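S.K.: sequence unknown, structure follows:
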């Protein structure tokens, strides 16, 4: 399988004008518990295009919900992003769908001190990307995920 991957990958990425993408995001996450808990979301990631519309990569997201930073969460996922329009032409706006799987770590302060937990994680959602220049863009997206939450974020990115 590794040999097939090594042989096929160059053919998939040949001729692309934007092979790598880096993004930084900020936004809101609402965790569903007895009542929805609101969090500030910050994160970033790097992806590589494997076709002209499909990219894969890693993302790290942190979420905190109080001024004391007592309750923190970290999510690391491997993501797949599918652009719903082919690149090029005069189009500046591209809708996309995104999905990812990985690991979730949560910390909260309880009577005995900090309590850490971890679970498998996933996110899925959609968004819209707007080109600012040929290499710089801005996005808005909505996702749901597990640990059960919804998130709304904006990001800035560039490709090279």
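M.R.: Yep, that arrived. Keep in mind the model is a prediction, meaning the values are calculated, not measured.
S.K.: strands along this protein, start to end?
M.R.: Using DSSP state E, the strands of the chain run over 20-31, 37-49, 54-64, 72-83, 93-110, 113-131, 136-146, 149-159.
S.K.: can I get those strands in JSON lines with mean pLDDT?
M.R.: Formatted as JSON lines, those follow (pLDDT from 0 to 100):
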{"stretch": "strand 20-31", "mean pLDDT": "95"}
{"stretch": "strand 37-49", "mean pLDDT": "94"}
{"stretch": "strand 54-64", "mean pLDDT": "95"}
{"stretch": "strand 72-83", "mean pLDDT": "94"}
{"stretch": "strand 93-110", "mean pLDDT": "92"}
{"stretch": "strand 113-131", "mean pLDDT": "92"}
{"stretch": "strand 136-146", "mean pLDDT": "95"}
{"stretch": "strand 149-159", "mean pLDDT": "95"}
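S.K.: could you save those strands as CSV and add columns showing mean neighbour count?
M.R.: Quick note: C-beta positions are derived from backbone N, CA and C, even for glycine. As requested, these are arranged in CSV below (neighbours: other Cβ atoms under 10 Å):
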stretch, mean neighbour count
strand 20-31, 18
strand 37-49, 18
strand 54-64, 19
strand 72-83, 19
strand 93-110, 16
strand 113-131, 14
strand 136-146, 17
strand 149-159, 18
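S.K.: what's the residue nearest to residue 47 when sequence neighbours are not counted in contact with, if anything?
M.R.: Spatial nearest neighbour of residue 47, excluding adjacent residues (Cβ to Cβ, 6 or more residues apart in numbering): residue 57 at 3.1 Å. Applying Cβ atoms under 8 Å, 6 or more residues apart in numbering, we find residue 57 in contact with 21, 45-48, 78-79, 81.
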